[in-house]
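1. kindly return the folded structure for what I paste below:
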Amino acid sequence: MKNNLKVYRAMKNLTQEELAKELGVTRQTIIAIEKDKYDPSLILAFKMANFFKAQIEDIFLYQEE
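-> Presented below is the predicted three-dimensional model:
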């Protein structure tokens with residue numbers, strides 16, 4: 001799934017490590033999500049949206065296959 005996580009992270013001037021700590025995940029998880037290699041759980045997606053005060057669909061872009 002495509003996402004704008006890197007853009008949102010940059011808007012808050014956060015490193016991958018800082019964001020990972022805020023969300024309670026590892027830096028590797030953030031890296032994998034940003035590289036479209038891992039789709040987060042719904043709970044994690046909600047945590048991200050809440051943290052950035054955004055809608056899930058603003059961060060994650062659903063594309064039908």
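
2. okay, CA-based contacts and neighbour counts for the rest of this
-> Will do.

3. which ones are touching the closest residue to residue 59 other than its chain neighbours?
-> Spatial nearest neighbour of residue 59, chain neighbours left out: residue 4 (4.9 Å); criterion: Cα to Cα, 6 or more residues apart in numbering. Going by Cα atoms under 8 Å, 6 or more residues apart in numbering, residue 4 touches 34, 58, 59, 60, 61.

4. of these, which pair is most distant in space?
-> Farthest pair in these (Cα to Cα) is 34 and 58. Separation: 14.2 Å.

5. helices along the chain, start to end?
-> Under the criterion DSSP state H, helices of the chain are mapped to 5-11, 16-23, 27-34, 42-52, 56-59.

6. with mean neighbour count and mean pLDDT added, can I get these in TSV?
-> Output for the helices of the chain, formatted as TSV (neighbours: other Cα atoms under 10 Å; pLDDT from 0 to 100):
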stretch	mean neighbour count	mean pLDDT
helix 5-11	15	97
helix 16-23	16	98
helix 27-34	17	98
helix 42-52	15	98
helix 56-59	15	96
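
7. ok, the closest residue to residue 15 other than its chain neighbours to residue 64 distance?
-> Leaving out its chain neighbours, the residue that sits closest to residue 15 by Cα to Cα, 6+ apart is residue 9, at 7.3 Å. In this view, residue 9 and residue 64 are 25 Å apart by Cα to Cα, to the nearest Å.

8. what of residue 31?
-> Distance check for residue 31 against residue 64: by Cα to Cα, it reads 23 Å.

9. nearest residue to residue 19 other than its sequence neighbours?
-> Leaving out its chain neighbours, the residue that sits closest to residue 19 by Cα to Cα, 6+ apart is residue 9, at 7.3 Å.

10. got the contact list for that neighbour?
-> 15, 16, 19.

11. and residue 21, by the same measure?
-> Going by Cα under 8 Å, 6+ apart, residue 21 touches no other residue.

12. cool, the one 5 residues further on as well?
-> By Cα under 8 Å, 6+ apart, the contact set of residue 26 is 17, 20.

13. repeat the analysis, applying 6 Å as the threshold.
-> Taking Cα atoms under 6 Å, 6 or more residues apart in numbering, we find residue 26 in contact with residue 20.

14. repeat that for the one 10 residues further on.
-> When the contact criterion is Cα under 6 Å, 6+ apart, the partners of residue 36 are 1, 2.
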